[in-house]
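>>> I would like the atomic coordinates for the input below:
(3 chains)
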Amino acid sequence: MMKEVYITETNCITPLGFDVAANIKNIGNDVSGIQLQDNSKLLNVPFYASVINDDELDLAFAKVTSVDDYSRLEKMMILALEPIIKKSTIDLNERTAIILSTTKGNVTALENQNSIDSAYLNVLAKKIADFFGFKNEPIVVSNACVSGILSVSVAKRLIQANLYDNVFVVAGDEVSKFVLSGFNSFQAMSNLPCKPYSVNRTGVSLGEAAAAVLVSSNKENAKIKIIGDGSINDANHISGPSRTGEGLYKSIQSALAEAKIDSNQIDYISAHGTATPYNDEMEAIALNRLGLENVPVNSFKGYYGHTLGASGLLETVIGIESVTKNMLFASLGFDTIGVTQLIKIIEKKEDADIRYFLKTASGFGGCNTAVLFEKVY
Amino acid sequence: MEALKQELKSKIIEVLNLEDITVADINDDDALFGDGLGLDSIDALELIVMLDKDYGIKLVDPKEGKTIFKSIEVMAAYISENRVK
Amino acid sequence: MAVNKNYIRSFCTIQKNTVFLNGEAVFTTEEDSFAGFSKKAYQHFEINYPKFFKMDNLSKLAFLGAELLLATADENSAESNTALVFANKSSSLDTDVKYQNSISDSENYYPSPAVFVYTLPNICLGEISIKHQLKSENSFFIFADYDPVFMENYCNILLETQKADKVLCGWVEYYNEEYKAFLYLVDKKGGTEHNHKQLKKLYNK
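Predicted coordinates:
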């Protein structure tokens, strides 16, 4: 009998607030973190993105420690983890792991030839782990934009294999010159706040955030149960998704098979919805192939932008709130459907009874991850 | 124009890392995308960067790339007309 | 921890201008840059896949190793569900530095999409998946050093939960002309038992 695994604590640090409650309040009021930025240090033209206020970040961090030796991203990640480690009172011994999810980590360190060492992802992870005193070496997942949700899947698999009882997962990425210029070179950035699944969508709005969860075999205080997962590659192209949504389709199928439920039992989907022409179209095709076209679905990228390595985890944290509050949040930024196969976009906040929740993500390299969750009664 | 076409063929091979292809292998009216040279979406984006970097042409609408990069012939004509460098 | 025993069916090491397959040197060149060495290896093994030359160094390294191991596996790699579990220390740092240089001079600012796409370590998994049509479980991890214990555990999890029938595992480390690739195929039959002690031994060979 496979052990049952739960998510028992969640937290997030975003432009919409430094705890989950503040984020939910803003989301409920259709508030978006995406603003016009005019910062030539980041990009030579003004751009829309969702960024955290530096002063607020430093103020919050100063309450946790007066030590000044942490990068901006490290502060975000420590702030995300700190309250849940404290609240859980779990011993950070050999049965407790820490997984860090990021795509670029401290990439800003590359701007200075002398600080390249901090750009190593294991150095970043060790710094976070050492701050809290984890006994185990950190595990880093760096798998493009699925990293955040893939980390949850990895945590659940490690616990079911009885390697650990508890796994803290922290995810984060920053809006940086490095990433902005790259997405821009791909013509993938929208010149307006992103419009997931909409007919006039023209690309992503980038964002930054940190999120943290505790994945545990202990049912006490559980917010949700993790019942199935799959991370299947498209095997099609390194930057464009499969036109038939092959990898996403197989990932969701794998999760459903493991959970032993049918696709028609899924009550809500938090999808990837980056608002690029190809990603959103691919998702619509994959969902239709699985008979999921009538399941309420949203993208949280209209509130947060695309937070890269944080996105899968941050959006799961918010999705969990939907389940526990029996409330579906609007897919902010959406106006008129613009995918060839219809899907049921949540257009405004509404009550709903959600038992089974599916989180999906896709990323560069043809990767996809799907994780199925079940409400804990 | 002849010199520009040769230059473009040589640049494309270099910029797009087309290892086993020589300038002689590319005909002026060969399709660059699809069945011809088989270039893909990332190659198209790289050619847009090349237009800017080497010829000072900034494409306002990246979708224009589809028509401009049809063949060496078409590309050379467009660059001749619009180059700033 | 394994319910059923798994085996290392074949393994490949690439370092210092030499390719080893199952412990034997099968190709070597004189002291060369990785670009030169990898091109000669590509030609020697008659790989015939022009997209190879668009890849960055990390992807070329991973691709070469995978090519040797997957070619000798069952004919239809696409039929058998072969997962990819890779890790390294430097992520995509080699290409990150190259990309950073392309954006650091505001007078000569031409970010390259072809370089940017390789600033993620999991792209090499995509390249291998595409070549061998592996629509399978993929994940990329980062560790300070090769971690045979983690690799053994995660690989076994995929096999025991039937998320995969075989697993191609790889440590593919590349930074600034220093590289080491250690790839191996884990299956239900093979010459060497799959456990971290054996892995450590083969890694250090």
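>>> Skipping its backbone neighbours, what lies nearest the residue of chain B most remote from its centre in space?
Centroid-distance maximum for chain B: B:D20 at 17.4 Å, with Cα atoms, centre = their mean. Excluding its sequence neighbours, the residue lying closest to B:D20 (Cβ to Cβ, 6 or more residues apart in numbering or on different chains) is C:P50, at 6.0 Å. (Glycine included, C-beta is placed from N, CA and C.)
>>> Who are the packing partners of the helix or strand where C:T13 lies?
Per DSSP states H and E: C:T13 is located in strand C:7-15. For strand C:7-15, the packing partners by 3 or more Cβ pairs under 8 Å, 6 or more residues apart in numbering or on different chains; DSSP states H and E come out as strand C:18-21, helix C:57-71, strand C:178-187, strand C:192-193, helix C:196-204.
>>> Let's have the ones you listed in JSON lines, adding mean neighbour count and mean pLDDT.
Output for the helices and strands packed on strand C:7-15, formatted as JSON lines (neighbours: other Cβ atoms under 10 Å in any protein chain shown; pLDDT from 0 to 100):
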{"stretch": "strand C:18-21", "mean neighbour count": "18", "mean pLDDT": "98"}
{"stretch": "helix C:57-71", "mean neighbour count": "24", "mean pLDDT": "96"}
{"stretch": "strand C:178-187", "mean neighbour count": "23", "mean pLDDT": "97"}
{"stretch": "strand C:192-193", "mean neighbour count": "14", "mean pLDDT": "96"}
{"stretch": "helix C:196-204", "mean neighbour count": "16", "mean pLDDT": "97"}
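>>> any chance of those in JSON lines, plus distance to chain A?
What follows is these, written out as JSON lines (distance: least, Cβ to the nearest Cβ, whole Å):
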{"stretch": "strand C:18-21", "distance to chain A": "24"}
{"stretch": "helix C:57-71", "distance to chain A": "9"}
{"stretch": "strand C:178-187", "distance to chain A": "14"}
{"stretch": "strand C:192-193", "distance to chain A": "19"}
{"stretch": "helix C:196-204", "distance to chain A": "13"}
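>>> mind checking which of these is nearest A:F183?
Closest to A:F183 of the helices and strands packed on strand C:7-15, according to Cβ to Cβ: helix C:57-71, at 20.2 Å.
>>> Average the pLDDT values over the next helix or strand after the closest one and round to the nearest integer.
Sequence order places strand C:82-88 as the next helix or strand after helix C:57-71, per DSSP H and E. For strand C:82-88, mean pLDDT rounds to 98.
>>> distance between strand C:82-88 and the chain's centre?
Its chain's C-alpha centre and that of strand C:82-88 lie 7 Å apart, by Cα atoms, centre = their mean, to the nearest Å.
>>> on contacts alone, who are the packing partners of that strand?
Applying 3+ Cβ pairs under 8 Å, 6+ apart, we find strand C:82-88 packed against helix C:57-71, helix C:123-132, strand C:138-142, helix C:148-160, strand C:166-175.
>>> can you do 6 Å?
strand C:138-142, helix C:148-160, strand C:166-175 (3 or more Cβ pairs under 6 Å, 6 or more residues apart in numbering or on different chains; DSSP states H and E).
>>> can you pull the pLDDT of B:D20?
Among the per-residue scores, B:D20 shows a pLDDT of 84.
>>> Repeat that for C:T72.
C:T72 carries a pLDDT value of 66.
>>> What of C:M1?
If you check C:M1, the pLDDT there is 47.
>>> What of the one 3 residues further on?
For C:N4, the pLDDT comes out at 79.
>>> Count the neighbours of A:N112 for me.
Residues within reach of A:N112, counting by other Cβ atoms under 10 Å in any protein chain shown, total 10.
>>> just the one 5 residues further on next, same as before
A count of nearby residues for A:D117, using other Cβ under 10 Å, gives 9.
>>> now it: how far from A:T65?
For A:D117, the distance to A:T65 equals 22 Å [Cβ to Cβ, to the nearest Å].
>>> How about C:Y49?
Noted for C:Y49: a distance of 51 Å to A:T65, by Cβ to Cβ.
>>> got the residues of chain A near chain B?
Applying Cβ under 6 Å from any Cβ of the partner chain, one finds that chain A approaches chain B through A:187, A:239-240.
>>> Reformat those into TSV and put pLDDT next to each item.
Shown next, in TSV, are the residues of chain A next to chain B (pLDDT from 0 to 100):
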residue	pLDDT
A:Q187	93
A:S239	95
A:G240	93
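>>> Report the closest residue of the stretch 51-200 of chain A relative to chain B.
A:Q187 (4.5 Å; Cβ to the nearest Cβ).
>>> so what pLDDT did the closest residue to that residue other than its chain neighbours get?
Nearest residue to A:Q187, sequence neighbours excluded (Cβ to Cβ, 6+ apart): B:P62, at 4.5 Å. You'll see B:P62 listed with a pLDDT of 78.
>>> So what's the residue count around the closest residue in space to A:D165 that isn't next to it in sequence?
Leaving aside its sequence neighbours, A:D165 sits nearest to A:R95 (Cβ to Cβ, 6+ apart; 4.7 Å). A:R95 has 17 neighbours, counted by other Cβ under 10 Å.
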